[in-house]
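# Show me how the following folds:
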Amino acid sequence: MIIKIKKRSKESVFFMFYFFFIFFLSTTAFAATYYVDSNAANDSGIGSSLNPKKYIYSGILLMSSGDTLIIKDGTYTSNNDRIRGVPSGTSGNYTTIKAENDFGVILEGLRAGDGLASEEAIVNLYNKSWVTIEGLIYFIGNRNV
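As a prediction, the model looks like this:
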């Protein structure tokens with residue numbers, strides 16, 4: 001029995017490498033990090049550290065599974081600062097919302113709504129999984145009364 005071994009051309013080796021590279025990148029998820037700052041002039045930022053969103057909910061709308069939202073220190077009082085619509089993460093890739101510095105973020109003056117899935121809840125993670133929230137302080141009502 002004679003077996004012929006064919007040499008592969010440079011083009012076919014390049015094609016196989018290119019195919020593997022594209023396939024690998026398309027199946028690998030890259031988590032993004034977005035930023036929110038209550039002191040931003042408006043909400044037109046792109047969510048970067050230098051050009052953040054103004055409202056927490058606007059930052060959440062940028063997120064996909066496994067992403068991180070960093071909330072810059074400050075007091076957040078707008079209805080657009082409720083935590084809702086957060087995408088679920090996975091067991092190996094949590095979706096994370098966290099204060100830039102532990103306890104530097106205060107959610108204040110937001111009235112809680114009724115029911116578990118209420119859009120008026122200050123934090124609504126109803127039917128979500130693999131989500132972490134770190135370093136936030138919540139005041140229901142106004143702490144200065």
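
# helix or strand for Ser49, which one?
Using DSSP states H and E, Ser49 sits within no helix or strand.

# Can you read off the pLDDT for the nearest residue to Gly104 once chain neighbours are set aside?
Setting aside the residues directly before and after it, Gly104 is nearest to Asp73 in space (C-beta to C-beta, 6 or more residues apart in numbering), at 3.4 Å. Any C-beta I mention is one placed from the backbone N, CA and C, and that applies to glycine too. You'll see Asp73 listed with a pLDDT of 97.

# next one: Tyr34
Looking at Tyr34, its pLDDT is 98.

# Phi first, then psi, for it.
phi -120, psi 160 (degrees, to the nearest 10).

# And for it, the neighbour number?
By other C-beta atoms under 10 Å, the residues close to Tyr34 number 23.

# returning to what we had before: the residue nearest to Gly104 and Glu100 touch, don't they?
Yes. Judged on C-beta atoms under 8 Å, Asp73 makes contact with Glu100 at a distance of 5.4 Å.

# Show me the common contact partners of the two, please.
Counting by C-beta atoms under 8 Å, 6 or more residues apart in numbering, Asp73 and Glu100 have no shared contacts at all.

# and stretch 83-91, average pLDDT?
On average, stretch 83-91 scores 95.

# any idea how far Gly135 is from Phe30?
According to C-beta to C-beta, to the nearest Å, Phe30 stands 24 Å off from Gly135.
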